[in-house]
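K.L.:
sequence and predicted structure, then a few things I'm wondering about:
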Amino acid sequence: EELKIFAPATVANLSCGFDVLGCCLENVGDEMIIRKNELNTIRITKILGQELPMETEMNVAGVSAMALLQQLKSSQGFDIEITKNIKAGSGIGSSAASSAGVVFAINKLLDEPFTPHQLIPFAMEGERLASGNPHADNVAPALLGGFTLVKSYEPLEVLSLPSLPELRVVVLHPLIELKTKDSRAVIRQQVSLKSAISQWGNLGALVSALYEKDYDLFGRSLVDEIVEPVRSILIPFFHELKQIALEKGALGFGISGSGPSVYAMCRGEESAEKVKIGLQEFYQQKAIDFDLHLSKIN
Ligand code: HSE
């Protein structure tokens, strides 16, 4: 018995929602095949496209699968094959795709003992292994789709938010690897009350914009005064890219997850194409290698 799945990429933080907001990309992601075995053990049998650990305990999919099966006290074994299209350390939820994908598939193969919400803590174990911190802002949208908000971590409470149908996201990935662990280490642990006020004002407004279908307010809320000023230093020409994206008509622009990818939210395909070309031409001029994606949110 086996299942072949698409494990989507995700954009976390979305500027004002550090560690709490995220959204799921429709057409960027990995492929995974999960198969029951008769060995009572979880094996990573194949990884294509990336050099990643094959030992179950060292692999984010392996530890997420183990967490789920331990909870069920099940000794069922599984073989896991992963075709990685999302590059590790890109900032679009590579580890989350593997972690969320495997628990989604195993749950299906076991006739769904868990709801999608209940799968989130298992997939967070993969994030703990990858970054030292079990954040849910990538695994939640990968499992639930659309936009998600982590209302609280202890206890874990995740909400699904509505999406805006014309939204398109352009993701530009400068081909340098930035480990989440490292880009978390640069963040200051204290925030000023002034920055906190700005951040929660924007986060509240962004949620309102999704419910009110207000594209303009959505874009104006994609602001981050706390993490972006520090992390942007690690991204080549961040400020120039932001200026180009906004000039070309993007609603908002920021760092995707922990970077180095950046994202631009756009209204409609045509606008997103213009932004995409603007960003692409700029990096070509600067001779920086990159990947570029344009996706719906789903
Ligand atoms: N919220 C996490 C961070 C996402 O920004 O560190 C990592 O992809």
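P.N.:
Arrived safely.

K.L.:
next, count neighbours for the closest residue to Ile233 other than its chain neighbours.
P.N.:
Distances taken as Cβ to Cβ, 6 or more residues apart in numbering place Val186 nearest to Ile233, at 7.9 Å, with adjacent residues excluded. Placement of C-beta: from N, CA and C, glycine included. Neighbours of Val186 under the rule other Cβ atoms under 10 Å: 12.

K.L.:
what's the answer for Phe282, then?
P.N.:
18.

K.L.:
number of nearby residues for the closest residue to it other than its chain neighbours?
P.N.:
Of all residues not flanking Phe282 in the chain, Ile244 sits nearest, at 5.5 Å (Cβ to Cβ, 6+ apart). For Ile244, the count of nearby residues is 20 (other Cβ under 10 Å).

K.L.:
now do the helix or strand that Ile244 is a member of: which elements does it pack against?
P.N.:
Counting by DSSP states H and E, the element that carries Ile244 is helix 238-247. Contact here means 3 or more Cβ pairs under 8 Å, 6 or more residues apart in numbering; DSSP states H and E; on that basis helix 238-247 packs against strand 252-255, strand 262-267, helix 269-285.

K.L.:
which residues touch the residue nearest to Ile233?
P.N.:
Neighbouring residues of Val186 by Cβ atoms under 8 Å, 6 or more residues apart in numbering: Val230, Arg231, Ile233, Leu234.

K.L.:
could you flag which of these are buried?
P.N.:
Arg231, Leu234 (16 or more other Cβ atoms under 10 Å).

K.L.:
just the ones in strands from the contacts of Val186, please.
P.N.:
Among the contacts of Val186, no residue falls in strands (DSSP state E).

K.L.:
out of the contacts of Val186, which comes closest to the ligand?
P.N.:
The nearest member of the contacts of Val186 to the ligand, counting by Cβ to the nearest ligand atom, is Arg231 at 7.9 Å.

K.L.:
now the helices and strands packed on helix 238-247 in JSON lines, with distance to the ligand and mean pLDDT?
P.N.:
Listed next are the helices and strands packed on helix 238-247 as JSON lines, based on distance: least, Cβ to the nearest ligand atom, whole Å; pLDDT from 0 to 100:
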{"stretch": "strand 252-255", "distance to the ligand": "8", "mean pLDDT": "98"}
{"stretch": "strand 262-267", "distance to the ligand": "12", "mean pLDDT": "98"}
{"stretch": "helix 269-285", "distance to the ligand": "20", "mean pLDDT": "98"}
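
K.L.:
so which of those is the most surrounded?
P.N.:
strand 262-267 (a mean of 27; mean count of other Cβ atoms under 10 Å).

K.L.:
what does the residue nearest to Ile233 show for phi and psi?
P.N.:
phi -80, psi -10 (degrees, to the nearest 10).

K.L.:
enumerate every residue touching the residue lying closest to Gly62 once chain neighbours are set aside.
P.N.:
Closest residue to Gly62 apart from its sequence neighbours, by Cβ to Cβ, 6+ apart: Thr56 at 3.5 Å. By Cβ under 8 Å, 6+ apart, Thr56 lies in contact with Thr41, Ile42, Arg43, Ile44, Gly62, Val63, Ala65, Met66.

K.L.:
residues from the stretch 101-250 of the chain in reach of the ligand?
P.N.:
His135, Asp137, Asn138, Thr180, Arg184 (Cβ under 6 Å from any ligand atom).

K.L.:
name the helix or strand for the second one, please.
P.N.:
Using DSSP H and E, Asp137 sits in no helix or strand.

K.L.:
pLDDT value on it, please?
P.N.:
Asp137 carries a pLDDT value of 97.

K.L.:
is it true that it touches Gly17?
P.N.:
Yes. If you go by Cβ atoms under 8 Å, Asp137 and Gly17 touch, sitting 7.2 Å apart.

K.L.:
from memory Val139 sits against His117, does it?
P.N.:
No. With contacts counted by Cβ under 8 Å, Val139 stays clear of His117, the gap being 11.2 Å.

K.L.:
which of the two has more residues huddled nearby?
P.N.:
The neighbour comparison of Val139 against His117 (other Cβ under 10 Å) goes to Val139, with 35 against 16.
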